[in-house]
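>>> this one's structure only:
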Ligand code: 6PG
């Protein structure tokens, strides 16, 4: 497993710019080599600025939107225009302002079905998009990840039975803030991504960032500690506050990743 690349920015704005540069580069490379770029977006509040940047110059013109296919790592079970919808946030900050074909956008259809059914519909969507035969798993070119203060990623919360899922791509779950029914991708999907891009900011995340990156005694106790891309690349984009408890020799400050 390759060492994660950890890049610390002065503040959340610079961190979002560094992540936008990296994402743009990955999209260009992937489209050049395979003709398309598949990415799963993260929810929560941290990626909003990244999405806004991607929708503005110079990123907007550099990203080959016609060949970009977007999915989500998780969704709260609310309508797509609800204030708590991860899709709504991405739509307002990004999708409404870029020339991506509507057919390339694969939101989790949590408003059409009960959460369990929504999870299996989403799995079916992934199966078709990645043309998977039985037993095969999706391999996203990029998965964006946020980090909860207690170590959750997407909607995989500590002690949740969803963490033990080893067959399904997506499952129904509940919890988080806001505490809602949710649909989330499962660990085997995250762990097969070609690129994992973490985006974490703020002092409230400093101790969980250290726990995850230093792989303490029992990393499996926090869901984030169980995310490891076996063959892909892992990028951690942090602001100074979130990185404040890391050892100096672990990190590279400033510059581009
Ligand atoms: C969700 C998220 C969740 C989020 C983290 C970080 O739907 O709630 O996908 O996993 O990424 O909670 O959220 P913030 O960026 O708001 O801190």
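Arrived safely, thanks for sending. All values reported here derive from a predicted model rather than from experimental measurement.
>>> and the residue of the stretch 101-250 of the chain found nearest the ligand, backbone torsions?
Closest to the ligand within the stretch 101-250 of the chain is residue 146: 2.4 Å, counting by C-beta to the nearest ligand atom. For glycine as for every other residue, the C-beta is placed from the backbone atoms N, C-alpha and C. Torsion angles at residue 146 (phi, psi; degrees, to the nearest 10) stand at phi -100, psi 170.
>>> Then the one 4 residues further on?
According to degrees, to the nearest 10, the main-chain angles of residue 150 amount to phi -100, psi 10.
>>> count of residues packed around it?
For residue 150, the neighbour count with other C-beta atoms under 10 Å is 12.
>>> show me what contacts the spatially closest residue to it that is not a sequence neighbour?
Counting by C-beta to C-beta, 6 or more residues apart in numbering, the nearest residue to residue 150 once its immediate chain neighbours are dropped is residue 158, at 5.8 Å. For residue 158, the contact set (C-beta atoms under 8 Å, 6 or more residues apart in numbering) comprises 150-152, 221-223.
>>> What about the residues you listed, which one has the most neighbours?
The most crowded member of those, judged by other C-beta under 10 Å, is residue 223 (26 neighbours).
>>> does it really touch residue 155, like I thought?
No - taking contacts as C-beta atoms under 8 Å, residue 223 lies outside contact range of residue 155: 9.6 Å.
>>> any shared contact partners between these two?
By C-beta under 8 Å, 6+ apart, residue 223 and residue 155 have no common neighbours.
>>> For the stretch 101-250 of the chain, which segments count as strands?
142-145, 170-175, 180-185, 195-200, 233-239 (DSSP state E, counting those that start in this stretch).
>>> List the pairing partners of the second one within its sheet, with orientation.
Within its sheet, and counting by DSSP bridges, strand 170-175 is paired with strand 180-185 (antiparallel).
>>> next one: the first one
For strand 142-145, the pairing partners within the sheet under DSSP bridges are strand 37-41 (parallel), strand 195-200 (parallel).
>>> Relative to residue 224, how far out is the residue nearest to residue 150?
Computed as C-beta to C-beta, to the nearest Å, the residue 158 to residue 224 distance reads 10 Å.
>>> try residue 202
Following C-beta to C-beta, the distance that separates residue 202 from residue 224 is 15 Å.
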